[in-house]
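*Asks:* need coordinates for the following:
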Amino acid sequence: MRLASTQSRGSDVAIAIIGGTGLDQLEGFQLEEKLVVNTPYGSPSAPVLKGSFHGKAVYFLARHGEHHEWPPHRVNYCANIFALKKLGVEQVVAVNAVGGIHHDMCPAAICVPDQIIDYTWGRIHTYSDDEHSPLEHIDFTFPYAERTRELLVRAGDAAGISVLARGVYGCTQGPRLETAAEIVRMKRDGCDLVGMTAMPEAPLAREIGLDYASLCVVANWAAGCTDELITMDAIDATLKVGMDNIRKILQQTLMQL
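*Replies:* Purely as a prediction, here's the structure:
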C-alpha cells in the first residue's frame, strides 16, 4: 500500500479541524454529510463531518469520539489522519486542551506551539509499521507546519484575541494527570505546555503529507504550579471560556484561506 495514492479526487474541502476535549462538537457548524471512512487501520474515532462553518467549507473530526469515549492512549490516530488524507484534506488544525507550565500559559490562554517533546509509550506512532508500507524517515525538526501556524496566529490577531505564537508541548500518556515531580521534570526539559494528544498525531500527519498545526487552549495550571488542586469542574469552566475564543479564531482562520 502506497500512502500517496489515498487522496480522493474532486473534493472541495481542503481543511479539517480535529476537535479535542471541550470541542467534541463545533458550535455554528452546518452539517452537510456524515462520512464513515474505511481505512486500513480500522475506524476513525468518529464519522468525519463535512459541512460549513460560518459559510466556509470544512471537515470536522472529534478526536475522542462523538460521546468523548476514547481516552488519549486509545485514540486511533492512524485511522483519523489517514481518513482525512483519503478525503482530500491538505491542512489540519488540531485543537488541544492542555495544562500550563510556563508562567505565560495561564488558564484560558491560547497558544500555537512550535515544538513537541514526546513522553508517550506504546502508541502506534508511524505508518511505516509493516512490510506493505514504505519506510519513511521524516524530517521532524519542526513538527508543525509553519504556514498553518502563521495562519492561526494571524487569525487570532484578526479576532482580537491574544495568541502565544510559540511554545513547547510536552505530550504525556494519560489519561491520568501528571504528578508535581513530573511537571518539574518537564519544565526542566523545556516544556511550556502539557497535553496528551499531540503525539503521534503530528508525525502521522507529516508522514502522510498534511500541513498540520495545533491550536491549544490552557485548561488549568499543571500539577504543582499552584497550591490549588486540579478539579474537573474548574477545567470545564475554563474550557467554556477558552473554547469560545477558539471558535472565533477558527472562524477567522477559514476566512483567511
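
*Asks:* contacts only, for L35.
*Replies:* P47, V48, L49, K50, L87 (CB atoms under 8 Å, 6 or more residues apart in numbering). Using the backbone N, CA and C atoms, a C-beta is placed for each residue, glycine as well.

*Asks:* out of everything not next to it in sequence, what's closest to it?
*Replies:* V48 (4.5 Å; CB to CB, 6 or more residues apart in numbering).

*Asks:* neighbours of that neighbour, how many?
*Replies:* A count of nearby residues for V48, using other CB atoms under 10 Å, gives 23.

*Asks:* my guess is it contacts K85. True?
*Replies:* No: applying CB atoms under 8 Å, one finds V48 not in contact with K85, separated by 11.2 Å.

*Asks:* could I get the contacts of L35 as JSON lines with pLDDT, distance to A159 and secondary structure?
*Replies:* JSON lines is the format used below for those (pLDDT from 0 to 100; distance: CB to CB, whole Å; DSSP: H, G, I helix; E, B strand; the rest coil):
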{"residue": "P47", "pLDDT": "94", "distance to A159": "29", "secondary structure": "coil"}
{"residue": "V48", "pLDDT": "95", "distance to A159": "26", "secondary structure": "strand"}
{"residue": "L49", "pLDDT": "94", "distance to A159": "23", "secondary structure": "strand"}
{"residue": "K50", "pLDDT": "93", "distance to A159": "24", "secondary structure": "strand"}
{"residue": "L87", "pLDDT": "95", "distance to A159": "27", "secondary structure": "coil"}
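
*Asks:* of those residues, closest to T172?
*Replies:* Comparing these against T172 with CB to CB picks out V48 as the nearest, at 27.0 Å.

*Asks:* just checking, L61 touches K85?
*Replies:* No: counting by CB under 8 Å, L61 does not reach K85; the two are 11.9 Å apart.

*Asks:* please list all residues in contact with the residue nearest to L35.
*Replies:* Counted by CB under 8 Å, 6+ apart, V48 has contacts A16, K34, L35, V37, Y59, F60, L61, A83, L84, L87.

*Asks:* same question, G242
*Replies:* G22, A97, P107, A108, A109, I110, V217, V218, A219.

*Asks:* so who does the third one touch?
*Replies:* P107 makes contact with G100, V218, A219, N220, W221, T238, G242 under the criterion CB under 8 Å, 6+ apart.

*Asks:* contacts only, for the most centrally placed residue in the chain.
*Replies:* Centroid check for the chain by CA atoms, centre = their mean gives A94 as the closest residue, at 2.8 Å. When contacts are counted by CB under 8 Å, 6+ apart, A94 touches I17, I18, G20, R63, T197, A198, E201, A202, Y212, A213, S214, L215.

*Asks:* can you tell me which of the contacts of G242 has the most neighbours?
*Replies:* For the contacts of G242, neighbours tallied by other CB under 10 Å; top is V218, 30 neighbours.

*Asks:* what's the helix or strand for it?
*Replies:* In this assignment (DSSP states H and E), V218 forms part of strand 211-221.

*Asks:* so which elements touch that strand?
*Replies:* For strand 211-221, the packing partners by 3 or more CB pairs under 8 Å, 6 or more residues apart in numbering; DSSP states H and E come out as strand 91-100, strand 110-111, helix 146-159, strand 193-195, helix 201-208, helix 232-256.

*Asks:* list the contacts for E201?
*Replies:* Neighbours of E201 in contact, by CB under 8 Å, 6+ apart: I18, R63, Y77, N80, I81, A94, Y212.
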